[in-house]
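S.K.: Show me how the following folds:
(4 chains, ligands or ions: 4)
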There are 2 protein chains.
Amino acid sequence: MLKQETLSKNQRIVLDFIEKVNEPIKAYSILHNVQKKGIKAPLQVYRALDKLVEIGKIHKIESRNAFVACKNSNCQISKATAFSICESCEEVSEISDSKLSKYLKNFQDKAGMKFNKYNLEFFGLCKKCSIK
Amino acid sequence: MLKQETLSKNQRIVLDFIEKVNEPIKAYSILHNVQKKGIKAPLQVYRALDKLVEIGKIHKIESRNAFVACKNSNCQISKATAFSICESCEEVSEISDSKLSKYLKNFQDKAGMKFNKYNLEFFGLCKKCSIK
DNA sequence: TTACACAATGTTATATTATAACAATTAACA
DNA sequence: TGTTAATTGTTATAATATAACATTGTGTAA
Ligand SMILES: [Zn+2]
Ligand SMILES: [Zn+2]
Ligand SMILES: [Zn+2]
Ligand SMILES: [Zn+2]
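M.R.: Ligands and ions are numbered 1, 2, ... in the order given. Have a look, this model is predicted:
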């Protein structure tokens, strides 16, 4: 079987919702919002999320246990992700900076470990929250 | 009241254990292991963990929901952390690389956000697991 | 087209991680 | 000593995530 090109029904429902809200959202919040579409159980959501993460359509914000649609040409299938997170209003944006991603992709640690993926989360105050 | 210099009883118990195991460990695993010391409830562990993270004695590995002792002069009180994680054996090590930390501390995103903290997790295969 | 393999679904139950709420005790300090 | 904040103890519960198993759908090739 070749790599799937089209999303399954549940994957489509979950992705459509995540793309619509356009900000990080939690699994159970997704569940509550797609129950009208026929998705009834957490597992149905988590299975769709797993697949969507795997194919790079969404990312997990690990420090927040939340999921967000990829804004960045699918981030080489989810292997290189960077986010900025406002600790005041919880606004999250995906960082798209070729210099940064090049630097990190080429980073070599002293133990000689071979990396195939990274996730970077910056925390601070967004412009709006800085003013206050 | 000045900033506390000594750890409280529960904080000491939890930190001693985390330093002893010397690898990432989960909150409930800590709980099971320190019950003989009189810590009986999850909250007692989580409260100690919160404080220890805050003062930079330990870090949370967000992608694993696990905690590990800091190896790196307390990482400027936990504001700049980087780890390498083997996806096969789950070995985690803290990265201490002054070039990397300098690069990330000075990173400026396009939205002009003011960062005060970051966390970076690299994933891949450690040397041992690469051979297999 | 039929048989196979694998992906996806549906469903119930349960595991794991983390916090709320409130009372009591301890530690720092003016 | 009186005051304040930090810490503790305790019970209950919230929030996040997976196990297990039966069933159905889909792409592939003989
Ligand atoms: Zn992306
Ligand atoms: Zn903000
Ligand atoms: Zn550290
Ligand atoms: Zn390994």
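S.K.: Tell me how far the closest residue to A:S63 other than its chain neighbours lies from ligand 2.
M.R.: Nearest residue to A:S63, sequence neighbours excluded (CB to CB, 6 or more residues apart in numbering or on different chains): B:E62, at 4.8 Å. Using the backbone N, CA and C atoms, a C-beta is placed for each residue, glycine as well. For B:E62, the distance to ligand 2 equals 20 Å [CB to the ion, to the nearest Å].
S.K.: Return the backbone torsion pair for A:M113.
M.R.: When read as degrees, to the nearest 10, the backbone of A:M113 gives phi -70, psi 140.
S.K.: Let me see the contact set for it.
M.R.: B:S84, B:C86, B:F122, B:G124, B:L125, B:C126, B:K127 (CB atoms under 8 Å, 6 or more residues apart in numbering or on different chains).
S.K.: Could you count how many residues lie near the residue nearest to A:S63?
M.R.: Residues lying near B:E62 (other CB atoms under 10 Å in any protein chain shown) number 19.
S.K.: Repeat that for A:I61.
M.R.: 21.
S.K.: quick one: it and A:E121 touch, right?
M.R.: Yes: contact criterion CB atoms under 8 Å: A:I61 and A:E121 qualify, at 7.1 Å.
S.K.: what is in contact with the two at once?
M.R.: Listed contacts common to A:I61 and A:E121 are A:F83, A:I85; contacts here mean CB under 8 Å, 6+ apart.
S.K.: returning to what we had before: which residues touch the residue nearest to A:S63?
M.R.: B:E62 neighbours (CB under 8 Å, 6+ apart): A:E62, A:S63, A:E121, B:N119, B:E121.
S.K.: between those, which is nearest A:D50?
M.R.: Nearest to A:D50 among those is A:E62, at 14.4 Å by CB to CB.
S.K.: Perfect, I'm done here.
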